[in-house]
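Enquirer: After the sequence you'll find the predicted model.
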Amino acid sequence: MNRHANEMKDIVEVCLLAGKLMLKNGAETYRVEDTMTRISHAYGIHESHSYVTPTAILFSIEGAEAARLARISDRTIQLDKVTEINGISRRISRGELSVKEAYNLLKEVDASRKIYPLWFSTLAAGLTSGCFLIMYGGIWRDFIPALIAGGFGYYCLIIVQRYVHIKFFSEFTASLMIGLLASLIVLMDLGEQFDKIVIGSVMPLVPGLLMTNAVRDLMAGHLVSGLSKGSEAFLTAFAIGTGVVAVLSWLS
């Protein structure tokens, strides 16, 4: 009896860890629930129940004493980890991994830190900003100004987030710096189209994944998660817009 209880506990640990890692790294709510259910089924537990929100996971199985709760305190976007966990889940479904092996692999994914250097992220954000400027009808003369403004804004976002753990404030500060730098560039006659420079530069800050996940969760029937992610995306967009509007008000 004790052995069976320990096995059940280990399976719950694997399911919770997989769900927690997927949710905190940018996976959709319905995908998290589906992965946890598939893992439990693969290990012979066909009666499992999960309730997932952006900040917590509740998971229980028939025969266990109580439901388990996993708290999600911080969320980021690392879709490579989501892909790795999907791969582990498929191997579990094919019967290739024991419970202990799966748990160890998930812990390795959790411990991995694939973080790009700040200079690389800043450069990538700058190049993205320049490309968005051209895509939205800007001129090639403004490509470098958009690259500089977008890279500087993303750099400010990362630096502020290190010291102030308030997402709204960091995004507002980044968009404010982008607006100020873009206006300075235009005033110095180094750029021409202020609006296109700002539009291209703020694109790396836009919560595209949040909006996509919110819509997909709503379509899958996860109303709580969909609405909460939609609200978070709205607040991010509001922060970006407020920073730009503050600059425009000062200029006028």
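Expert: Looks like it came in fine.
Enquirer: List the contacts of stretch 215-234.
Expert: 28, 29, 30, 52, 53, 54, 207, 210, 211, 213, 214 (Cβ atoms under 8 Å, 6 or more residues apart in numbering). Quick note: C-beta positions are derived from backbone N, CA and C, even for glycine.
Enquirer: Would you map the helices across the chain?
Expert: Taking DSSP state H as the test, the helices found in the chain are 2-24, 29-42, 79-93, 99-111, 118-135, 143-163, 167-187, 194-202, 208-219, 223-251.
Enquirer: looking at those, which is closest to residue 67?
Expert: Proximity to residue 67 (Cβ to Cβ) singles out helix 2-24 among these, at 9.3 Å.
Enquirer: State the number of residues packed around residue 134.
Expert: Using other Cβ atoms under 10 Å, residue 134 has 15 other residues around it.
Enquirer: Pull out the buried members of the contacts of stretch 215-234.
Expert: For those, a burial check counting by 16 or more other Cβ atoms under 10 Å picks out 28, 29, 30, 52, 54, 207, 210, 211, 213, 214.
Enquirer: sorry, back to before: from the helices of the chain, which stretch is densest packed?
Expert: Sort the helices of the chain by mean neighbour count, taking mean count of other Cβ atoms under 10 Å, and helix 194-202 sits at the top with a mean of 24.
Enquirer: helices and strands around that one, which ones?
Expert: The contact analysis (3 or more Cβ pairs under 8 Å, 6 or more residues apart in numbering; DSSP states H and E) places helix 194-202 against helix 118-135, helix 143-163, helix 167-187, helix 223-251.
Enquirer: who touches that helix?
Expert: Contacts for helix 194-202 (Cβ under 8 Å, 6+ apart): 129-139, 142, 145-146, 149-150, 153, 175, 178-179, 182-183, 185-186, 191, 240, 244.
Enquirer: swap in stretch 131-144?
Expert: Applying Cβ under 8 Å, 6+ apart, the contact partners of stretch 131-144 are 130, 146, 191, 192, 193, 196, 197, 199, 200, 201, 203.
Enquirer: what about the second one, distance to residue 188?
Expert: Residue 146 sits 15 Å away from residue 188, taking Cβ to Cβ, to the nearest Å as the criterion.
Enquirer: follow-up on the earlier one: Throw the buried ones among the contacts of stretch 215-234 into TSV and include distance to residue 167 and pLDDT, thanks.
Expert: Below are the buried ones among the contacts of stretch 215-234 laid out as TSV (distance: Cβ to Cβ, whole Å; pLDDT from 0 to 100):
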residue	distance to residue 167	pLDDT
28	20	83
29	19	85
30	24	83
52	21	85
54	13	82
207	10	85
210	11	82
211	15	86
213	16	84
214	16	85
